[in-house]
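Participant: task: produce atomic coordinates for the following.
(2 chains)
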Protein chains: 2
Amino acid sequence: MKPTAKPPRKLAVIMAGGRGTRFWPRSRSRRPKQFLTMVGNECLLVQTVRRLDGSFRPEDIFVVTTEELAEQTRAMLPELPARNVLVEPEGRNTAPCLALALVTLERWAPEGVMVVLSADSWIADRSRFLQDIETAVNHAAGKRDLVTFGIPPTYPETGYGYIETEGEGAVPGVRAFREKPSYEQAVEFLESGRHYWNAGMFVWTLKDFRSELKRHSPEFLAPLDEWAEAGAKPERLAQAYRRLPKESIDFALMEKSERVAVVPARFRWSDVGSWPAVVEFHEADAAGNVIQGDAILIESTNCAIFGGSRLIAGSGLADLIVVDESDALLLCRKDRAQDVKLIVEKLKAMGREDLL
Amino acid sequence: MKPTAKPPRKLAVIMAGGRGTRFWPRSRSRRPKQFLTMVGNECLLVQTVRRLDGSFRPEDIFVVTTEELAEQTRAMLPELPARNVLVEPEGRNTAPCLALALVTLERWAPEGVMVVLSADSWIADRSRFLQDIETAVNHAAGKRDLVTFGIPPTYPETGYGYIETEGEGAVPGVRAFREKPSYEQAVEFLESGRHYWNAGMFVWTLKDFRSELKRHSPEFLAPLDEWAEAGAKPERLAQAYRRLPKESIDFALMEKSERVAVVPARFRWSDVGSWPAVVEFHEADAAGNVIQGDAILIESTNCAIFGGSRLIAGSGLADLIVVDESDALLLCRKDRAQDVKLIVEKLKAMGREDLL
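Facilitator: As a prediction, this is how the structure comes out:
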């Protein structure tokens, strides 16, 4: 028997192919959410990579994105080797994305542990975050579980999926994944102490990810394995990729596997999912208004102005979000931020590609 | 005794020196209200002149404006002789403006009848309007009264001055000018049948205007007469003009004269005094929204969008006026349209001349 082996090689896989239509008109198809500097001083993608400084070697940080975003992504992250930006031929949800990462990374570091992160989330308390990753990596390497991070809920959010844990200890097991709950359920979850938000961040060894995926959803592996065995030619990937179902990794694997464990996060996290969520990151003035850019507000309360190059003058406004871009303006009551997606859909239906 | 003389020569004097800050950001110091096409297909100034077609000869239509607007005014009205655009050295309210017109026109048509109009009002029922002018001209030439037009009120407006008439007949006399009333007074005025809105439109012979002005407010004549006697040199006008009090013709003359008569208007009139007034001129859709330009509204009611070159997308909006210009955006609740003046004042105080 070997004595304690050297620590496992950590490979960060940052999923960065998202579109982020909920931030229209600031986000566009070629300027998705992860490229925006809405929270903090750098865009969310760059923050996600810089957060790993000192804990991951640059050559062990991988970003998966789509064809049309690859060039910009590489330009934003000059510290990463160009080959570390993996290119999906098209966005097909997270299961295909992570299967592609698996098949690619196996060739370079078959003994590695994969740390899956999102490019478009906000995370605070960096040192706790890095410690929690260490905990997850050690658990994945030692206990051979698929590890997910659970965010302790702070309010009864109905838009997230929840993870219900069972058992005690630092890394409890999973009783069930719970899809978006009703408000009453969400209140129960909040009070139970056993439910966590599913933040879509995972840690597993490449070997366990392959074996569990093969057991529960082999259809994500077969086309990519054939492609890899035929030489992994980039120009042939699209053909294989097209055969992968458009499914989330939660649905394809996490909800099916019996080897899932949870690291309760000690860091603060937000998916920055909508304009109102962004507003929460800014300090409001005495009238409750958040103002970015050039604005004059008279008798207005609880508004958020994300200005552009023009003066915005308002009077008698309440609970309004204003986002000003050179070719489009969004005016949205705070409690209707979900309508931004509707607006984007309308623009699509109208053939207004110039605005998407 | 002469038999019936030939009809008097009608001289239209259109006051067009206004600033119209209530329409910011569409109106600016060099693009005041009379130059805007907010109602109808031509700007209010051009509509005012064209409304006289066939009833006044072009050489008998005069426009009084300020130095900085003179060139644009002439360019907009190529049908008028250039000399017919009279230039005030500065805006000093309506009494100096009309005294200047008097002193100028006396030299060219001393027997004329002056028909004073505003460049920035809206008038419908053109043939009735022209007939009402004939009535007023005949009364002024025959009875030698100062004639004003009274607009039958249609609602208890508290922002206008009222004229209380006395006596019967087609052209009653005036009992009193009533400044902006309280709401209760305005309701009484509306019900009395004797009160009219003062639209600031007047008809008088040059001779009577001079004699009444000389009797009641000679300080408006003396400096201009001296200037005219010294050769009416344009470069010396500013010096004389500066000596004229900044007063309205209502205050300087109409409220003092005992020779005032009223022609009750049979035409529809609006001073188009604010953005909500403009909205009234446009047909709303089923949700009560008026949309000009490129806009998508979701679950929004009673809004007015005056768009520019950009798409405006709104959700959950109510009673909001949006005016979009390339360098400034106005968002104003309908019942707070008076705040537009406040915004302009703030911009002035901030030294934002670029936006004024």
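Participant: touching, A:L221 and A:S211? I think so.
Facilitator: No - here A:L221 does not reach A:S211: they are 10.3 Å apart, not a contact under C-beta atoms under 8 Å. C-beta coordinates here come from the backbone N, C-alpha and C atoms, glycine included.
Participant: shared neighbours of the two, anything?
Facilitator: Residues touching both A:L221 and A:S211 (C-beta atoms under 8 Å, 6 or more residues apart in numbering or on different chains): none.
Participant: for stretch A:115-134, which positions count as buried?
Facilitator: Of the residues in stretch A:115-134, A:115-123, A:126, A:129-130, A:132-133 count as buried by neighbour count, 16 or more other C-beta atoms under 10 Å in any protein chain shown.
Participant: can you give me the helices for chain A?
Facilitator: A:44-50, A:67-76, A:94-108, A:126-143, A:183-192, A:206-216, A:222-229, A:234-241, A:249, A:275-280, A:339-349 (DSSP state H).
Participant: hey, C-alpha coordinates of the second one in PDB?
Facilitator: Read that as helix A:67-76. What follows is helix A:67-76 as a C-alpha-only set of coordinates in PDB (Å, rounded to 0.1, in the frame of the first residue of the first chain):
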ATOM      1  CA  GLU A  67     -17.600  29.300 -31.100                       C
ATOM      2  CA  GLU A  68     -18.800  32.900 -31.400                       C
ATOM      3  CA  LEU A  69     -17.500  33.900 -27.900                       C
ATOM      4  CA  ALA A  70     -14.200  32.100 -28.000                       C
ATOM      5  CA  GLU A  71     -12.000  34.800 -29.500                       C
ATOM      6  CA  GLN A  72     -13.200  37.500 -27.000                       C
ATOM      7  CA  THR A  73     -12.900  35.000 -24.200                       C
ATOM      8  CA  ARG A  74      -9.200  34.300 -25.000                       C
ATOM      9  CA  ALA A  75      -8.600  38.100 -25.400                       C
ATOM     10  CA  MET A  76     -10.000  38.700 -21.900                       C
END
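Participant: which secondary structure elements does that helix sit against?
Facilitator: Packing partners of helix A:67-76 (3 or more C-beta pairs under 8 Å, 6 or more residues apart in numbering or on different chains; DSSP states H and E): helix A:44-50, strand A:85-88.
Participant: which outside residues touch that helix?
Facilitator: A:16-17, A:29-30, A:32, A:35, A:43, A:45-46, A:63, A:65, A:80, A:82, A:85, A:87-90.
Participant: same question for the last one.
Facilitator: Taking C-beta under 8 Å, 6+ apart as the criterion, the residues outside helix A:339-349 that touch it are A:21-24, A:274-275, A:330, A:332, A:355-356, B:296, B:298-299, B:311, B:313, B:315-316.
Participant: how about the longest one?
Facilitator: For helix A:126-143, the external contacting residues (C-beta under 8 Å, 6+ apart) are A:8, A:10, A:51-52, A:55, A:113, A:115, A:123, A:145-147, A:149, A:170-171, A:203-205, A:208, A:261, A:263, A:265-267.
Participant: return the residues of chain A in contact with chain B.
Facilitator: Selection of chain A residues close to chain B by C-beta under 8 Å from any C-beta of the partner chain yields A:24-25, A:296, A:298-299, A:310-317, A:320, A:322, A:324-333, A:335-336, A:339-340, A:342-343, A:346-347, A:352, A:355.
Participant: of those, just the buried ones, ChimeraX syntax please.
Facilitator: In ChimeraX, this line selects whichever of those come out buried by 16+ other C-beta under 10 Å:
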select /A:24,25,296,298,310,311,312,313,314,315,316,317,320,322,324,325,328,329,330,331,332,333,336,339,340,342,343,347,355
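Participant: tell me which of the residues of chain A next to chain B fall in strands.
Facilitator: A:296, A:298, A:311-315, A:320, A:322, A:324, A:328-333 (DSSP state E).
Participant: would you confirm that A:V322 contacts A:L331?
Facilitator: Yes - judged on C-beta under 8 Å, A:V322 makes contact with A:L331 at a distance of 5.8 Å.
Participant: okay, and the common contacts of those two?
Facilitator: By C-beta under 8 Å, 6+ apart, the residues touching both A:V322 and A:L331 are B:L331.
Participant: A:T165 contacts A:R194, doesn't it?
Facilitator: Yes - between A:T165 and A:R194 there is a contact under C-beta under 8 Å: 5.2 Å.
Participant: okay, these two: which has more neighbours?
Facilitator: Taking other C-beta atoms under 10 Å in any protein chain shown, A:T165 and A:R194 do not tie; A:T165 has more neighbours (22 against 16).
Participant: bridge partners for that one, pull those for me.
Facilitator: Bridge pairing for A:T165 (DSSP bridges) gives the partners A:V174.
Participant: hang on, A:W24 packs against A:L330?
Facilitator: Yes - counting by C-beta under 8 Å, A:W24 does reach A:L330; the two are 6.9 Å apart.
Participant: show me what the helix or strand bottoming out on mean pLDDT in chain A is packed against.
Facilitator: When the helices and strands of chain A are scored by mean pLDDT, DSSP states H and E, helix A:275-280 comes last with a mean of 92. Packing partners of helix A:275-280 (3+ C-beta pairs under 8 Å, 6+ apart): strand A:304-306, strand A:320-324.
Participant: name the nearest residue to A:F306, sequence neighbours excluded.
Facilitator: Nearest residue to A:F306 in three dimensions, chain neighbours excluded: A:V323, at 4.6 Å (C-beta to C-beta, 6 or more residues apart in numbering or on different chains).
Participant: burial check on the one you found, number of neighbours?
Facilitator: If you count neighbours by other C-beta under 10 Å, A:V323 ends up with 24.
Participant: does it really touch A:C303, like I thought?
Facilitator: No - checked against C-beta under 8 Å, the pair A:V323 and A:C303 is beyond contact range at 11.6 Å.
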